[in-house]
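Peer 1: What follows is a predicted structure for the sequence shown.
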Amino acid sequence: MRLKKEFDFRKYLSDNLEGYDGKYSEYLLLLPALYDTLCSIIKSETLPLSIRSDVYLTIGYLFHPDDIYPEEKHGPLGFLEDFLLVLVVLRKCAIEKNLGLEFIEKHAPGFNYPMVQLLTNDFDKIKKENKKLFDELLALTGMRFYYK
């Protein structure tokens, strides 16, 4: 039995980010494609259980309407902590012994931004500029251990 009406979360992201040209727009506009990457990664049989649980947690956080930096209050900029959490998980994949950057890129066909730059210099810049939000996000999601 199929649902009467399916919810297309990628469309939700795209619709709510469409036309956004504010702070971090060059990054936030990548969120629908990054969501697709997470959805592809979760289907991989080689994804370790420890990272699989983080990917599920991240997807759940993306769906949760009452997050720590809500879109209802901040508009498209409210997706900033969602974006940061996606990058945390992708960075974990990138440094995982049996995965690496190639694994992520394999699950991100057509991604039109250098993944290595996004996961290194860009991530470090955004994290530094939003330290308090980033720390709160790690504490809330239980991912603090990743950044000791």
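Peer 2: Structure's in. What do you need? Model, not experiment: these values are computed from the prediction. Numbers count the residues shown, from 1 in each chain.
Peer 1: From here on, just use CA atoms for contacts and neighbour counts.
Peer 2: Noted.
Peer 1: State the number of residues packed around the residue nearest to Leu80 when sequence neighbours are not counted.
Peer 2: In space, and not counting its chain neighbours, Leu80 is closest to Leu28: 6.8 Å by C-alpha to C-alpha, 6 or more residues apart in numbering. Neighbour count of Leu28, defined by other C-alpha atoms under 10 Å: 24.
Peer 1: Number the residues from 365 up from this point.
Peer 2: With 365 as the first residue, the last one maps to Leu392.
Peer 1: roughly how far apart are Leu392 and Glu409?
Peer 2: 29 Å (C-alpha to C-alpha, to the nearest Å).
Peer 1: likewise Ala458?
Peer 2: Counting by C-alpha to C-alpha, the gap from Ala458 to Glu409 is 16 Å.
Peer 1: confidence score at Lys491?
Peer 2: Lys491 is assigned a predicted lDDT (pLDDT) of 96.
Peer 1: residues touching Tyr384, list them.
Peer 2: Residues in contact with Tyr384, defined by C-alpha atoms under 8 Å, 6 or more residues apart in numbering, are 393, 440.
Peer 1: where does it fall, helix, sheet strand or coil?
Peer 2: Using DSSP: H, G, I helix; E, B strand; the rest coil, the three-state assignment for Tyr384 comes out as coil.
Peer 1: how about it, phi and psi?
Peer 2: Backbone geometry at Tyr384, expressed as degrees, to the nearest 10, gives phi -70, psi 130.
Peer 1: residues contacting the residue nearest to Leu444?
Peer 2: So Leu392 contacts 381, 440-441, 443-444, 447 (C-alpha under 8 Å, 6+ apart).
Peer 1: what's the answer for Glu436, then?
Peer 2: So Glu436 contacts Gly442 (C-alpha under 8 Å, 6+ apart).
Peer 1: Next one: it from Ser408, what distance?
Peer 2: To Ser408, Glu436 is 33 Å away according to C-alpha to C-alpha.
Peer 1: on that earlier part again, now, which of the contacts of Leu392 sits nearest Gly506?
Peer 2: Phe447 (16.5 Å; C-alpha to C-alpha).
Peer 1: what number of residues lie near the closest one?
Peer 2: Quick note: Phe447 (other C-alpha under 10 Å) scores 22 neighbours.
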